[in-house]
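Colleague: One predicted model, sequence on top.
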Amino acid sequence: EETIKRIPAIKLLDFMRLITRADVVIRASGEMLSEAGGFMPLSSLVAQRVSPTVKELEPLSSADAEQWVDYWSAAGMFE
C-alpha cells in the first residue's frame, strides 16, 4: 500500500509483464502481424482520407523515439 502511494506507476507492472510475455510468444512464433504485446495494428486510412495533413505525415523514426526519451529524461520522468 505504501509503495503504491509512493510509486503509483507500479500498478502498471502486471500489465507490462503481460505485454512482455505476449511479445516473447509472438516473436518466437515468427508471426509479426501485430503490434508489440499482441495489440492489433492501428490504421490511419480514414484519417488520411479526410486530412491532407495526416496523409502527408512521415512515419515516426528511431530519431523521434530518441528525442522523446531525451525530453522526458530531462524532465525527470525516469528518476
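Modeller: That came through fine.
Colleague: residue contacts, the nearest residue to Gly37 once chain neighbours are set aside?
Modeller: Nearest residue to Gly37, sequence neighbours excluded (Cβ to Cβ, 6 or more residues apart in numbering): Ile19, at 3.3 Å. All C-beta spots, glycine's among them, are computed from the backbone N, C-alpha and C. For Ile19, the contact set (Cβ atoms under 8 Å, 6 or more residues apart in numbering) comprises Ala36, Gly37, Gly38.
Colleague: Just the buried ones out of these, please.
Modeller: Buried by 16 or more other Cβ atoms under 10 Å: nothing, out of the contacts of Ile19.
Colleague: In space, what's closest to the residue nearest the centre of the chain - neighbours in sequence excluded?
Modeller: For the chain, the residue sitting closest to the mean C-alpha position, by Cα atoms, centre = their mean, is Ala36 at 7.5 Å. Nearest in space to Ala36, with sequence neighbours left out and distances taken as Cβ to Cβ, 6+ apart, is Asp23 at 5.4 Å.
Colleague: Relative to Arg6, which of the contacts of Ile19 is nearest.
Modeller: Out of those, the one with the shortest distance to Arg6 is Gly37. That distance is 26.6 Å, counting by Cβ to Cβ.
Colleague: give me every residue that touches that closest one.
Modeller: Shown here is Gly37, whose contacts under the criterion Cβ under 8 Å, 6+ apart are Leu18, Ile19, Thr20, Ala22, Asp23.
Colleague: Please report the distance of the residue nearest to the centre of the chain from Ile26.
Modeller: Here the distance between Ala36 and Ile26 works out to 8 Å (Cβ to Cβ, to the nearest Å).
Colleague: returning to that earlier point: ok, so of the contacts of Ile19, who is nearest Ser73?
Modeller: Nearest to Ser73 among the contacts of Ile19, with distances taken as Cβ to Cβ, is Ala36, at 21.0 Å.
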